[in-house]
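Asks: attaching a predicted model along with its sequence, questions to come.
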Amino acid sequence: MMEDTQGSESFDIFVSHSHKDYEKVNLYLEYVNDKKTGLGKIFPVFIAHKDITPTKPWEEEIIKALKHTKIFIAYLTPNFKKSEWCGQESGIAYANDQFIIPLMDGSKPYGFLGKYQGMPIPSNHRHSRSETPTTTGLKEFAVSIIKSAYDDKRCSSMVRNKIFGHLNDISSFSQTDLVFSLLEHFKPFTEEEKTTILKAYEGNKQINQAGSADSLIMELKQNE
């Protein structure tokens, strides 16, 4: 499950959402934020607690996080439109020329967000009483979000450097699945990057026993 983040930590991703949609944000962005099974250790995420009551110190934390974040995710729902806080956060992100990803769950980008292409919540991932999103679907959704950031020149170097910088720190099979899906998107690799991948594979059981890394490793070894 997602962790509620606040304090002095530096964040790469800021998630703007209505507190009324916290549970859905918690569900759909689990593999973006979780530090054990997801990408949260590589790309720290700022997300307000579902029960937080904004105070002056909390306002300062939000401004601080918005100032330094690289990726701004707007979780668009009818509740988002009604939230004064969400509107203010979006305006700050727009003014800071941050990479903005509008996630559409019942609402389309509007206002400051109208110039950005929205990313829909895939229909087979939508939350309902009779349907639960699959782990595979949620992982693919997380990867697609980071891929879109990588494809933007403002975030490309940061995303690539962070992935390679954390290869040795992968701590679960689930993280291996996510990271190696992203690595496929990073091709071609420099010789230094190839060496980093191969060394991480050889020295980390969470990578070499996961299975999801084998195809890329075989490809790299064949081209040595």
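Replies: Arrived safely.
Asks: sticking with the residue positioned nearest the centre of the chain, tell me its helix or strand.
Replies: For the chain, the residue nearest the mean C-alpha position is V32 (3.8 Å; C-alpha atoms, centre = their mean). Element membership for V32, per DSSP states H and E: helix 30-33.
Asks: counting contacts, what elements does that helix pack onto?
Replies: strand 13-16, helix 135-150 (3 or more C-beta pairs under 8 Å, 6 or more residues apart in numbering; DSSP states H and E). (C-beta placed from N, C-alpha, C; glycine too.)
Asks: out of the ones you listed, flag the one nearest N26.
Replies: Proximity to N26 (C-beta to C-beta) singles out strand 13-16 among those, at 10.1 Å.
Asks: what's that closest one in contact with?
Replies: Contact with strand 13-16 is made by 25, 29, 32-33, 43-47, 65-66, 69-75, 80, 85-86, 89-90, 93, as judged by C-beta atoms under 8 Å, 6 or more residues apart in numbering.
Asks: now, these that are in strands?
Replies: When DSSP state E is applied, the contacts of strand 13-16 are split such that V45, F46, I71, F72, I73, A74, Y75 fall in strands.
Asks: in the worst-scoring helix or strand of the chain on mean pLDDT, what counts as buried?
Replies: Least confident helix or strand of the chain, by mean pLDDT, DSSP states H and E, is helix 56-68 with a mean of 80. Neighbour-count burial for helix 56-68 flags E61, I62, A65, L66 (criterion: 16 or more other C-beta atoms under 10 Å).
Asks: specify the beta-bridge partners of the nearest residue to E89 once chain neighbours are set aside.
Replies: Distances taken as C-beta to C-beta, 6 or more residues apart in numbering put S16 closest to E89, at 4.3 Å, once the chain neighbours are dropped. S16 has these beta-bridge partners by DSSP bridges: A74.
Asks: S16: how many residues sit nearby?
Replies: For S16, the count of nearby residues is 29 (other C-beta atoms under 10 Å).
Asks: state the pLDDT value of it.
Replies: Listed pLDDT for S16 reads 95.
Asks: numbering from 4 from now on, please.
Replies: Yes, from this point I'll number from 4; that puts the last item at S19.
Asks: show me where this protein has helices.
Replies: Secondary structure of the chain (DSSP state H): helices located at 25-31, 33-36, 59-71, 81-85, 87-98, 138-153, 159-168, 176-189, 194-206, 208-211, 217-225.
Asks: distance of the closest residue to F167 other than its chain neighbours from L181?
Replies: Among residues not flanking F167 along the chain, T199 sits closest, at 5.6 Å (C-beta to C-beta, 6+ apart). From T199 over to L181 the distance is 17 Å, taken as C-beta to C-beta, to the nearest Å.
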